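# return atomic coordinates for the entry below.
(chains A and B)
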Amino acid sequence: MAFAAVAAVFSGAAVSAATVMSAVATIGATMSVVGMVTGSKSLMKIGGVMSLVGGVGGLVAGAASAAGGALTAEAGGAAASAVGDVAASAGSEALTASAGALESGLSPGLIEGGVQNLGGELAANAAGNMAAPAMNAAQNAVGNVVELGAAPSITPAASEASSGIVSMTGPQATVTPMDTSIGVRAPADSFGIKNLGASFSSPQPSGGFWDSMSTWAERNKTLLNSGMQVVGGALKGANERAMWDEKMALDRDRLKLQSYGSQTANFAPGAIVTGGAR
Amino acid sequence: MNPILEKTSAAVLEKSDQRLQPVILKLVEAGKKVMYSERTRDLALEQLQGGADPEAIGSGIAQLAGILFTESQRTAPMEALMPAAVLLLVEALAFLEEAGAVEVTPDLVAESTSALGSSFLQLIGVTPEKLQQMMAGGMPAEGGSPEGMAPEVMPAEQAPMPPGGIVEGAMP
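Numbering: from 1, shown residues only, chains lettered A, B, ... in the order given. Now for the predicted structure:
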């Protein structure tokens, strides 16, 4: 099956926007990993950009198909990963052509440092377990599939901050359970293998493709940074809400233990009367 | 196997979700069956004659990943498919190196991975225009005022407090 034919299969398959964004984020993260192993700065740069695009896009795609208030694994994991990238590389740095800014923005040490800083702000026991997976997702270059419990309700400020991203539900194309039966048939004519043909060339060489992506990301730097603010704000708001709930629960417990006022005095008339009655 | 390829495989597996590793490994096994089947032998030989072209190698693996995705009825998660694709790329490079067709260097691995990512994104129809449409669908278009887009989340400690504090302020 030639490249065009495989592409046609995809176009007919109607891959969802959320799946596409998930692919973008995962490709970016994977490229970053390979870039770090091989020492390829350009690969790390492209990987960082695509992770950011995929993360923000995943959030948008998730919101676009929203119906509730939960930040699901795909959007949350991708968004958390993107947040980690921004914390490390300050988004726009990854988009500059300057090698110096590139190195400082995407050095693994800085990424880890950025993630640590971000992790310090996120409580590990946030209701809905958003924070710990978010930290792990941000620390892993390859996008994680993060299981989230019932997400905490986003604070009103955060909801407002999402302006248009009203409900943070995840995409409809949710990550499948780990069903290892992916149903791959044995190689046969159904794969069209014998028609794979001699042409393995993609429509556009990778150099030109990544240049166009980088150019697009550079032009939309503000959009992506704004998206990252929304993601960061939503996560921060959710985390603060969780911390607030925890604090209030602790205060209630403390009140129960220490409060004398909560006990109703026993001024029952019978006790007074009988106590003095003869 | 070449140390670079081993390090790449190990790093990709380490960074992937541990819970998805069985799925990743199953995808890799399925991909190997396709790669080494009799029907692809001619194509493999053609690759050997063509030398080490990272674009061709990456593009070929991207097509393989596409085939695996469609054959899985689109149920293979991307978080597993992409790491599996890189592992298949490593497998292909190891095969070519053993056959004496290429010398695996970090640059070759990096360029092949770049080509793999580029080809796969093109395969699923990702272009800057499509991304712009997707982004515009959920956010204001580029050029709009960032201030007008979304107010920053106000930290809880900065939220205006009712007079007299929360408890007292809530009491009638």
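
# secondary structure class for B:Glu103?
coil (DSSP: H, G, I helix; E, B strand; the rest coil).

# nope, B:Leu96 is what I meant
At B:Leu96, secondary structure determined by three-state DSSP is helix.

# same deal with the one 4 residues further on?
Judged by three-state DSSP, the three-state class of B:Gly100 is coil.

# does stretch B:8-24 come close to chain A?
Yes: shown here: stretch B:8-24 in contact with chain A (C-beta under 8 Å from any C-beta of the partner chain) through B:Thr8, B:Ala11, B:Val12, B:Lys15, B:Ser16, B:Asp17, B:Arg19, B:Leu20, B:Pro22, B:Val23. Any C-beta I mention is one placed from the backbone N, CA and C, and that applies to glycine too.

# and stretch B:72-84, how far apart are its ends?
In terms of C-alpha to C-alpha, to the nearest Å, the two terminal residues of stretch B:72-84 are separated by 14 Å.

# give me the buried positions along that stretch.
By neighbour count on 16 or more other C-beta atoms under 10 Å in any protein chain shown, the buried set for stretch B:72-84 is B:Ser72, B:Thr75, B:Ala76, B:Pro77, B:Met78, B:Glu79, B:Ala80, B:Leu81, B:Met82, B:Pro83, B:Ala84.

# kindly report the same for stretch B:104-114.
In terms of neighbour count (16+ other C-beta under 10 Å), stretch B:104-114 has its buried residues at B:Val104, B:Pro106, B:Leu108, B:Val109, B:Ala110, B:Glu111, B:Ser112, B:Thr113, B:Ser114.

# so what's the residue most central in space within chain B closest to, chain neighbours aside?
For chain B, the residue whose C-alpha lies nearest the mean C-alpha position (C-alpha atoms, centre = their mean) is B:Met82; its distance is 4.1 Å. The shortest distance from B:Met82 to any residue other than its chain neighbours is 4.3 Å, reached at A:Thr26 (C-beta to C-beta, 6 or more residues apart in numbering or on different chains).

# my read is that the one you found contacts B:Met78, right?
Yes: shown here, A:Thr26 and B:Met78 form a contact pair, counting by C-beta atoms under 8 Å, at 4.9 Å.

# now do stretch B:88-96: distance to the chain's middle.
Relative to its parent chain, stretch B:88-96 has a centroid offset of 17 Å by C-alpha atoms, centre = their mean, to the nearest Å.

# what about stretch B:117-135 and chain A, touching?
Yes: using C-beta under 8 Å from any C-beta, we find that stretch B:117-135 touches chain A at B:117-128, B:130-132, B:134-135.

# so which of these are in strands?
Among the residues of stretch B:117-135 next to chain A, DSSP state E puts none in strands.

# show me which of those are buried.
The neighbour count (16+ other C-beta under 10 Å) marks B:117-124, B:126, B:128, B:131-132, B:134-135 as buried among the residues of stretch B:117-135 next to chain A.

# can you add pLDDT and give these back as TSV?
Output for these, formatted as TSV (pLDDT from 0 to 100):
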residue	pLDDT
B:Gly117	93
B:Ser118	92
B:Ser119	91
B:Phe120	90
B:Leu121	90
B:Gln122	89
B:Leu123	86
B:Ile124	85
B:Val126	85
B:Pro128	84
B:Leu131	78
B:Gln132	78
B:Met134	72
B:Met135	69
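
# and those, which two are the farthest apart?
When those are compared pair by pair using C-beta to C-beta, the farthest-apart members prove to be B:Ser119 and B:Met135, with a separation of 22.8 Å.

# quick one, what contacts B:Ser114?
With contacts defined as C-beta atoms under 8 Å, 6 or more residues apart in numbering or on different chains, B:Ser114 is in contact with A:Met31, A:Ser42, A:Leu43, A:Ile46, A:Ser206, A:Trp210, B:Pro54, B:Gly58.

# and for A:Trp216?
If you count contacts by C-beta under 8 Å, 6+ apart, A:Trp216 has them with B:Pro128, B:Leu131, B:Gln132.

# correct me, but the second one touches A:Gly54?
No: with contact defined as C-beta under 8 Å, B:Leu131 does not reach A:Gly54; the gap is 9.5 Å.

# look up the pLDDT of residue 61 for me, please.
I'll assume chain A. On pLDDT, A:Ala61 comes in at 65.

# actually chain B
Looking at B:Ile61, its pLDDT is 90.

# could you do A:Ala271 as well?
At A:Ala271, the predicted lDDT confidence score is 48.

# and for A:Thr174?
We note a pLDDT of 44 for A:Thr174 in this prediction.

# what strand or helix carries A:Ser214?
Taking DSSP states H and E as the criterion, A:Ser214 maps to helix A:206-219.

# no no, B:Ala62
Element membership of B:Ala62, judged by DSSP H and E, is helix B:54-71.

# can you give me the angle that helix makes with helix A:206-219?
70 degrees (axes from the mean of the first three to the mean of the last three C-alpha atoms, to 10 degrees).

# how far off centre is helix B:54-71?
Counting by C-alpha atoms, centre = their mean, helix B:54-71 is centred 12 Å from the centre of its parent chain.

# and if you look at stretch B:118-126?
Centre to centre, stretch against its chain (C-alpha atoms, centre = their mean), the figure for stretch B:118-126 is 11 Å.

# mind listing what's buried in stretch A:233-246?
A:Gly233, A:Ala234, A:Leu235, A:Lys236, A:Gly237, A:Ala238, A:Asn239, A:Glu240, A:Arg241, A:Ala242, A:Met243.

# any part of that stretch near chain B?
Yes: contact check for stretch A:233-246 against chain B, using C-beta under 8 Å from any C-beta: residues in range are A:Gly233, A:Ala234, A:Lys236, A:Gly237, A:Glu240, A:Arg241, A:Met243, A:Trp244.

# now that stretch: mean pLDDT?
The model assigns stretch A:233-246 a mean pLDDT of 76.

# ok, now stretch A:209-228?
The predicted model gives stretch A:209-228 an average pLDDT of 78.

# go on, stretch B:4-24?
On average, the pLDDT along stretch B:4-24 is 92.

# who touches both of B:Leu131 and A:Gly54?
Between them, B:Leu131 and A:Gly54 share the neighbouring residues A:Val24, with contact defined by C-beta under 8 Å, 6+ apart.

# hang on, the earlier thing: which of the buried residues of stretch A:233-246 fall in helices?
Helix and strand membership here follows DSSP state H; of the buried residues of stretch A:233-246, those in helices are A:Gly233, A:Ala234, A:Leu235, A:Lys236, A:Gly237, A:Ala238, A:Asn239, A:Glu240, A:Arg241, A:Ala242, A:Met243.
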